[in-house]
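J.: Quick one, fold the following:
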Amino acid sequence: MKKIVTAEGSGNPGLQQKSTLHRRDFLRYSGYAGVAVAGASLISIAGCQDKDDNDGVDFGTGDFAILNYAYALEQLEAAFYQQVIASPYAGMSALEKGLLTDVRDHEIAHREFFKAALGANAIQDLEVDFSSINFSSRDSVLNAAKSFEDLGVSAYNGAGRYFVDANYLLLAGKIVSVEARHAAYIRDLLSNGSFADSSVIDGNGLDTSRKPRDVIAIANAYIVTELNANTLPA
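T.: Next comes the predicted model:
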């Protein structure tokens, strides 16, 4: 049974809070220079509704829900690669360790970007469980990494359509391109030339896309904290 953890910073049950977030602050925290943002007004986005413990962590609604959804996935990926580098698998070459360290640092940067930009409205730190992964085995680690990266790419591909504010879509596009680079690298470590095979690219040359609730259902295999995906698009 999953451990049920409620979101941090919750107030009175049943009250819906609102937050404001400067576009310029959101972009500054991301570290992606050169992104033009139209207008200097505040963005008002719906905050998380507090829920009973049995409902788990609520992502909120609208753009806010999608941002928290991305934050949850980045937490998962960052935690995974931190473990990979903390306990390198047997036979990890210096080149592999260097490049996987780069991947770890990218995922940490993504995670911290969402956490800092969303501030008090971000969901809590999630508890993860990687007990099904043998971190001493190269095959186990790289196959898990492949699954995480492919899932991440499909998640961003599927979530972009739900953003109301186009600036968030632009940022998501910058992040998913990095995730796709990671996926290609990991895939070629496992099998050279598999970076864009038919398991992820269809006959029209388009990458896999998954809807948020489908992604959460897959990611839940590694997330202990109970998540309430009811406000995410089905």
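J.: give me the element the most centrally placed residue in the chain is part of.
T.: Central residue of the chain (C-alpha atoms, centre = their mean): Leu73, 2.5 Å from the mean position. In this assignment (DSSP states H and E), Leu73 forms part of helix 62-86.
J.: pretty sure the residue nearest to the centre of the chain contacts Ile218?
T.: No: counting by C-beta atoms under 8 Å, Leu73 stays clear of Ile218, with 10.3 Å between them. Any C-beta I mention is one placed from the backbone N, CA and C, and that applies to glycine too.
J.: if we can go back for a sec, what's the first helix or strand after the helix holding Leu73?
T.: helix 94-118.
J.: Go through that following helix and flag the buried ones.
T.: For helix 94-118, the neighbour count (16 or more other C-beta atoms under 10 Å) marks 96, 100, 103-104, 106-115, 117-118 as buried.
J.: Pick out the least confidently modelled helix or strand of the chain, by mean pLDDT.
T.: Ranked by mean pLDDT, DSSP states H and E, the weakest helix or strand in the chain is strand 42-49, scoring a mean of 34.
J.: Please name the nearest non-neighbouring residue to the residue sitting furthest away from the middle of the chain.
T.: In the chain, counting by C-alpha atoms, centre = their mean, Gly91 sits farthest out from the average C-alpha position, at 28.7 Å. Once flanking residues are discounted, Gly91 sits nearest to Arg138: 6.0 Å by C-beta to C-beta, 6 or more residues apart in numbering.
J.: all strands in the protein, in order from the N-terminus.
T.: 16-22, 42-49, 57-58, 227-228 (DSSP state E).
J.: Tell me where the model's unsure across this structure.
T.: 1-54 (pLDDT under 70).
J.: I figured Ile216 hits Leu232, correct?
T.: Yes: using C-beta under 8 Å, Ile216 is in contact with Leu232, at 6.8 Å.
J.: list residues touching both of these two?
T.: Residues touching both Ile216 and Leu232 (C-beta atoms under 8 Å, 6 or more residues apart in numbering): Tyr69.
J.: Run through the residues that contact the residue nearest to Asp214 when sequence neighbours are not counted.
T.: Spatial nearest neighbour of Asp214, chain neighbours left out: Gly158 (7.7 Å); criterion: C-beta to C-beta, 6+ apart. Gly158 makes contact with Ser209, Arg210, Lys211, Pro212, Asp214, Val215, according to C-beta under 8 Å, 6+ apart.
J.: how many neighbours does the last one have?
T.: Other residues within reach of Val215, judged by other C-beta atoms under 10 Å, total 22.
J.: now do the third one
T.: For Lys211, the neighbour count with other C-beta under 10 Å is 17.
J.: isn't it right up against Ala234?
T.: Yes: under the criterion of C-beta under 8 Å, Lys211 makes contact with Ala234 at 6.8 Å.
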